[in-house]
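Participant: dropping the sequence and predicted coords here.
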Amino acid sequence: MTEPILQARDIGKSYGSGDGRFDALKGVSLDVHKGESVAIVGKSGSGKSTLMHLLALLDDPDRGTISIGGKDAKSLKPRELNKLRNEDFGFVFQQFFLTPNSTVLENVTLPLMIAGVGTRERKARGMAVLEQMELADKAKNKATDLSGGQKQRAVIARALVNNPSVIFADEPTGNLDTATGAVVEDILFSLNKTQGITLIIVTHDVDLAARCDRQFFIKDGLEAVPDAETAALMTTGSIDSAAEVRA
Ligand code: ADP
Ligand code: MG
């Protein structure tokens, strides 16, 4: 197998201090290889988002090492870090984080603005990803006018606009109804298959996790073994076999 593009080694993260201190991650190691789809799976509060934030270099671990392309993240200069976060990584969050009163095109091209890309090229690249997400006709609408599914497609367009090598998705279908969520899932997996974009998906949804190449289970801030029912779902991808385990 190729060198991992992302590597977490025994990373720990605590929030607060003194009596209020909470150890959200207690020593987690995880490798992510180029082109794979990895699910970070666990119950609410298990440390999934914390782990994803650390892998995405949005926050620093208190201990342990994160490497990107074999390079210790701590050795990166602020400029290199910002470039990675803005140009190599795309982010898709449950809460969308769109600016409601800006247009869809403005929202989608924000990473290009940050990267210093000129107006014409911003528009061309923004429209291209909006077309890819079947939202070109909404480019001039305000983000607030979009439905939930359209918002998440706009968020994916924004994640794509810099041709990222990795997309981090935190509960990407958490605010969507089942049918709309399925469309968003299909889009993410199709980007993984056709464009080779590495996919790291945080989810508590075992069906979504089962669609990924690999699952990383987390419980109380530590890697965990899935229960029998979940394990059956992961190997067969079938709810029926999970029911058989239950029976
Ligand atoms: P998950 O994404 O699996 O629901 P998180 O990684 O968001 O879990 O959180 C793990 C634990 O850390 C939770 O108990 C949460 O309450 C706590 N936590 C997360 N962020 C903070 C923070 N900024 N301050 C204090 N506690 C936090
Ligand atoms: Mg979370």
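Facilitator: Received, thanks. Ligands and ions are numbered 1, 2, ... in the order given.
Participant: so where does residue 98 fall, helix or strand?
Facilitator: Using DSSP states H and E, residue 98 sits in no helix or strand.
Participant: that one contacts residue 107, doesn't it?
Facilitator: Yes - taking C-beta atoms under 8 Å as the definition, residue 98 is a contact partner of residue 107 at 4.9 Å. Placement of C-beta: from N, CA and C, glycine included.
Participant: shared neighbours, these two?
Facilitator: Each of 143, 154, 158 lies in contact with both residue 98 and residue 107 under the rule C-beta atoms under 8 Å, 6 or more residues apart in numbering.
Participant: the longest helix along the chain: how far from the chain's middle?
Facilitator: Assignment by DSSP state H gives helix 178-195 as the longest helix of the chain. Centroid displacement of helix 178-195 relative to its chain, using C-alpha atoms, centre = their mean, to the nearest Å, is 13 Å.
Participant: by contact count, what packs against it?
Facilitator: Contact here means 3 or more C-beta pairs under 8 Å, 6 or more residues apart in numbering; DSSP states H and E; on that basis helix 178-195 packs against helix 148-160, strand 166-170, strand 198-203.
Participant: and of the ones you listed, who's closest to ligand 1?
Facilitator: Ligand 1 lies closest, by C-beta to the nearest ligand atom, to one member of the helices and strands packed on helix 178-195: strand 198-203, at 6.3 Å.
Participant: neighbouring strands of that closest one in the sheet, and parallel or not?
Facilitator: strand 37-41 (parallel), strand 166-170 (parallel) (DSSP bridges).
Participant: restricting to C-alpha, output the first one in CSV.
Facilitator: Output of strand 37-41 as CSV, limited to C-alpha atoms (Å, rounded to 0.1, in the frame of the first residue of the first chain):
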residue,chain,number,x,y,z
SER,A,37,-13.0,6.4,2.0
VAL,A,38,-12.8,6.1,5.8
ALA,A,39,-15.7,6.4,8.2
ILE,A,40,-15.1,7.6,11.7
VAL,A,41,-18.0,5.9,13.6
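Participant: hmm, back to that, for the longest helix of the chain, list every residue counted as buried.
Facilitator: For helix 178-195, the neighbour count (16 or more other C-beta atoms under 10 Å) marks 180, 181, 184, 185, 187, 188, 189, 191, 192 as buried.
Participant: can you list the strands paired with strand 198-203 in TSV and add distance to residue 215?
Facilitator: Shown next, in TSV, are those (distance: least, C-beta to C-beta, whole Å):
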stretch	distance to residue 215
strand 37-41	5
strand 166-170	14
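Participant: which one of the ones you listed lies closest to residue 129?
Facilitator: Of all the strands paired with strand 198-203, strand 166-170 sits nearest to residue 129, with 12.6 Å by C-beta to C-beta.
Participant: quick one: which of the buried residues of helix 178-195 is nearest residue 73?
Facilitator: For the buried residues of helix 178-195, the nearest to residue 73 is residue 192 (23.4 Å; C-beta to C-beta).
Participant: nearest to residue 13 among the buried residues of helix 178-195?
Facilitator: residue 188 (25.8 Å).
Participant: quick one: contacts for that closest one?
Facilitator: 92, 156, 167, 169, 172, 199, 201.
Participant: can you tell me which two in those are farthest apart?
Facilitator: Pairwise distances across those (C-beta to C-beta) peak at 12.4 Å, for the pair 156 and 201.
Participant: lowest-pLDDT helix or strand in the chain?
Facilitator: When each helix and strand of the chain is scored by mean pLDDT, DSSP states H and E, helix 239-246 comes last, with a mean of 43.
Participant: can you redo the strands paired with strand 198-203 as TSV, where the extra columns are distance to residue 115, mean pLDDT and mean neighbour count?
Facilitator: Compiled in TSV, these are given as follows (distance: least, C-beta to C-beta, whole Å; pLDDT from 0 to 100; neighbours: other C-beta atoms under 10 Å):
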stretch	distance to residue 115	mean pLDDT	mean neighbour count
strand 37-41	26	98	25
strand 166-170	17	98	23
